[in-house]
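Visitor: Whatever this is, show me its structure:
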Amino acid sequence: MPVNIPHSLPARRTLAEENIFVMSRERADHQDIRPLSIAILNLMPTKIATETQLLRLLGNTAMQVEITLLTMRTHESRNTAPEHLDAFYRSFDDVRDETFDGLIITGAPVEKLRFEEVDYWPELCELLDWSRTNVWSTMHVCWGAQAALYRYFGIDKVELDAKMFGVFEHDVLAPRARIVSGFDETFFAPHSRHTGTRIADVEAEPALEVIATSDEAGLYLAASRDGRQIYVTGHPEYDADTLAGEYERDIAQGRQIEVPRRYFPHDDPTQRPRQSWRSHGFLLYANWLNYSVYQRTPFDRTTITAGSLSDDED
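Guide: The predicted model follows:
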């Protein structure tokens, strides 16, 4: 089934060329099913690229998905045209009285700052608290995961000695968790971050379950035991060339940066990188939409209430 997005959104043409099923709102209105209402809080500076990456994953599932793009009112984006934001984005103030089946909170390039130093931190805290009662299930990605773990459980991030940068192998530790249904025992995923979350800190919280880790990259996937809060520390949504673009940007800015690990063939940045994580990225988001959202969200979204983060998963 398709992802339902506006005709003029730039991601639409890209996804159509990739044979990802997208649908107009007019056609969706004639289908006798209720689409899933998914909000995306896009905190990334490269908003159009991130929109395309996430919509690609959401559009390859069996559910019809209606998207609402959100931005922080208290932060001025310097990398996205105001016309794009005005045309396609809503603020938290616009939706605070609404309910959603699912929410995705992206990463953000602010991880070296203390959470309280981020200019939109008070607004984000308000949104995180709101999501507990107005959203059935939330997917938190990279810094978005660190922010939520800090807000909900007081689990702070730790600065790494060097940037965690590259494609890493991960082990599934909780194979019965629905979010990794169909996963191989080991799988690859990209990381691009200067901070991390201690596995022991997550394991010490009874409401949380550690689901997948990496010997090199550390924590990758955790979830609340009721399945309504998912925390992903990597970037399964990344395109094949995203890490290459980040590497070239850092080199051009004169930053000290190592070649992303296990990304370029023979670690040679002149060669074309190969994508080894796409299938598990698709599966992760399909599992989230199916098991955490579609199978459990109320048909009447207005009846969504706060779930206990310590309830056992069905």
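
Visitor: Worst mean pLDDT across the helices and strands of this protein, which element?
Guide: Lowest on mean pLDDT, DSSP states H and E among the helices and strands of the chain sits helix 25-28, with a mean of 52.

Visitor: and the next element down the chain from it?
Guide: Toward the C-terminal end, the helix or strand that comes next after helix 25-28 (DSSP states H and E) is strand 36-41.

Visitor: Quick check: buried residues in the helix or strand following that following strand?
Guide: Secondary structure here is assigned by DSSP H and E; on that basis, the next helix or strand after strand 36-41 toward the C-terminus is helix 47-58. Along helix 47-58, these residues count as buried under the neighbour rule (16 or more other Cβ atoms under 10 Å): Lys47, Ile48, Ala49, Thr50, Glu51, Thr52, Gln53, Leu54, Leu55, Arg56, Leu57, Leu58. Bear in mind the C-beta positions are built from the backbone N, C-alpha and C, glycine included.

Visitor: partners of the very next helix or strand once past helix 47-58 in the sheet?
Guide: Next helix or strand after helix 47-58 toward the C-terminus (DSSP H and E): strand 65-71. Strand 65-71 has its sheet partners listed here by DSSP bridges as strand 3-4 (parallel), strand 36-41 (parallel), strand 89-91 (parallel).

Visitor: Please name whichever of these is nearest to Ile251.
Guide: The minimum distance between Ile251 and the strands paired with strand 65-71 falls on strand 36-41, with 30.2 Å, by Cβ to Cβ.

Visitor: can you pull the contacts of the nearest residue to Pro10 once chain neighbours are set aside?
Guide: Leaving out its chain neighbours, the residue that sits closest to Pro10 by Cβ to Cβ, 6 or more residues apart in numbering is Ile48, at 5.3 Å. By Cβ atoms under 8 Å, 6 or more residues apart in numbering, the residues touching Ile48 are Pro10, Ala11, Thr80, His84.

Visitor: Using the three-state scheme, assign the last one.
Guide: To tie it back to what came earlier, the one meant is His84. Classification of His84 using DSSP: H, G, I helix; E, B strand; the rest coil returns helix.

Visitor: Would you agree it is in contact with Lys47?
Guide: Yes. Using Cβ atoms under 8 Å, His84 is in contact with Lys47, at 7.2 Å.

Visitor: show me where pLDDT drops low in the chain?
Guide: Across the chain, the ranges flagged by pLDDT under 70 are 1-5, 18-33, 306-314.

Visitor: Now do the helices for it: every range, in order, please.
Guide: In the chain, helices defined by DSSP state H lie at 10-17, 25-28, 47-58, 82-88, 92-95, 121-134, 143-153, 199-203, 242-252, 278-287, listed in chain order.

Visitor: other SSEs contacting the first one?
Guide: If I follow you right, that is helix 10-17. Helices and strands touching helix 10-17, as assessed by 3 or more Cβ pairs under 8 Å, 6 or more residues apart in numbering; DSSP states H and E, comprise strand 22-23, helix 47-58.

Visitor: Export the ones you listed as JSON lines, with columns for distance to His75.
Guide: Formatted as JSON lines, the entries for the helices and strands packed on helix 10-17 read as follows, by distance: least, Cβ to Cβ, whole Å:
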{"stretch": "strand 22-23", "distance to His75": "29"}
{"stretch": "helix 47-58", "distance to His75": "12"}
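
Visitor: Now do the strands in the stretch 151-300 of the chain.
Guide: Taking DSSP state E, counting those that start in this stretch to define them, one finds strands in the stretch 151-300 of the chain at 158-172, 186-196, 208-214, 218-224, 229-232.

Visitor: Could you dump those into a markdown table with mean neighbour count added?
Guide: Compiled in a markdown table, the strands of the stretch 151-300 of the chain are given as follows (neighbours: other Cβ atoms under 10 Å):
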| stretch | mean neighbour count |
| --- | --- |
| strand 158-172 | 17 |
| strand 186-196 | 20 |
| strand 208-214 | 22 |
| strand 218-224 | 25 |
| strand 229-232 | 26 |
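
Visitor: how about those, which one is nearest Ala16?
Guide: With Cβ to Cβ, the closest approach to Ala16 among those belongs to strand 186-196: 25.2 Å.

Visitor: Quick check: bridge partners of Thr195?
Guide: Legend: beta-bridge partners of Thr195 under DSSP bridges are Glu159.

Visitor: wait, doesn't it sit right on Leu113?
Guide: No. In this structure, Thr195 sits apart from Leu113 without contact. The criterion is Cβ under 8 Å, and the distance is 10.0 Å.

Visitor: can you give me how far stretch 114-131 is from the chain middle?
Guide: In terms of Cα atoms, centre = their mean, to the nearest Å, the gap separating the centre of stretch 114-131 from the centre of its chain is 17 Å.
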